[in-house]
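Visitor: Here is a sequence together with a model predicted from it:
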Amino acid sequence: ETGVTQSPTHLIKTRGQQVTLRCSSQSGHNTVSWYQQALGQGPQFIFQYYREEENGRGNFPPRFSGLQFPNYSSELNVNALELDDSALYLCASSLGEQGTDTFGSGTRLTVV
Amino acid sequence: AQSVTQPDIHITVSEGASLELRCNYSYGATPYLFWYVQSPGQGLQLLLKYFSGDTLVQGIKGFEAEFKRSQSSFNLRKPSVHWSDAAEYFCAVDFSGGGADGLTFGKGTHLIIQP
């Protein structure tokens, strides 16, 4: 079975721009969660999608938004990028809302 | 606010020696508890998890962890470390007990293995 795949692996954007990060969940998993990991910190929960609906959200502003598609893949969109958005963005998938997360390798976003 | 504390930022251990990484969390009920490992430039790999039952949990790569309700702790142990264990270790807690609030992570402990 394939694991969680994220693209791109690295990305450089300019402050004020918009970015879209993509995630393919592990086969059979229907729940996707996104986390932001700043350098030297633990990951922070952004939001979770289950059956194409956002069903949980951490302490992140509305300019962080997402989508989940019928095949359970997902996108994270960030508008009006700020320098502090520079981080490793991790996607995790699980089976059901109470499943254990399987993490991808992440997308390293640098905002300049 | 709910929080997870890993009091040791760095730990240095000689190869073959035993290891204990500490984790404490703030909450009254019994949350779901996890330990993940992260190698440089990589995602997180699950080492073990505790939901209920036996408070001593066995994981992959020879790791184990013990849940102590009275101390709100979930410490990770390994009897004999290998050079390949050098990595960042994160304790994580699901305070909603399987809900949709995601995991709360500690800041991590960087494990260094001395030859």
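Guide: It's in. Predicted model, so just to flag it, every value in this text is computed and none were measured. Numbering: from 1, shown residues only, chains lettered A, B, ... in the order given.
Visitor: all contacts plus neighbour counts: C-alpha atoms, from now on.
Guide: Fine.
Visitor: burial of the residue in chain A positioned nearest to chain B, as a residue count?
Guide: Taking Cα to the nearest Cα, chain B has its nearest neighbour within chain A at A:Ser105, 3.8 Å off. Using other Cα atoms under 10 Å in any protein chain shown, the number of residues around A:Ser105 comes to 22.
Visitor: try the one 3 residues further on
Guide: For A:Arg108, the number of neighbouring residues by other Cα under 10 Å comes to 21.
Visitor: Look at it and tell me its secondary structure.
Guide: For A:Arg108, the assignment made with DSSP: H, G, I helix; E, B strand; the rest coil gives strand.
Visitor: Tell me who's in contact with it.
Guide: By Cα atoms under 8 Å, 6 or more residues apart in numbering or on different chains, the contact list for A:Arg108 reads A:Thr9, A:His10, A:Leu11, A:Ser86, A:Ala87, A:Leu88, A:Tyr89.
Visitor: circling back to that earlier point, how confident was the prediction at the residue lying closest to the residue of chain A closest to chain B once chain neighbours are set aside?
Guide: Spatially, and ignoring its direct neighbours in sequence, A:Ser105 is nearest to B:Gly43 (3.8 Å; Cα to Cα, 6 or more residues apart in numbering or on different chains). With respect to pLDDT, B:Gly43 scores 88.
Visitor: Please work out how many residues are found near the residue in chain B positioned nearest to chain A.
Guide: As assessed by Cα to the nearest Cα, chain A sits closest to B:Gly43 within chain B, at 3.8 Å. B:Gly43 is flanked by 21 other residues according to other Cα under 10 Å.
Visitor: wait, it sits on A:Gly104?
Guide: Yes: assessed by Cα atoms under 8 Å, B:Gly43 is found in contact with A:Gly104 at 5.4 Å.
Visitor: what sits in contact with each of these two?
Guide: A:Leu90.
Visitor: Just the buried subset of the contacts of A:Arg108, written out for ChimeraX, thanks.
Guide: Typed into ChimeraX, the line below selects the buried ones among the contacts of A:Arg108, using 16 or more other Cα atoms under 10 Å in any protein chain shown:
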select /A:9,86,87,88,89
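Visitor: which regions of chain A lie under the pLDDT threshold?
Guide: A:1, A:97-98 (pLDDT under 70).
Visitor: near chain B, which residues of it?
Guide: A:33, A:40-45, A:47-48, A:55-58, A:90, A:97-99, A:102-106 (Cα under 8 Å from any Cα of the partner chain).
Visitor: Can you say which of these are buried?
Guide: By 16+ other Cα under 10 Å, those give A:33, A:42-45, A:47-48, A:55-58, A:90, A:97, A:102-106 as buried.
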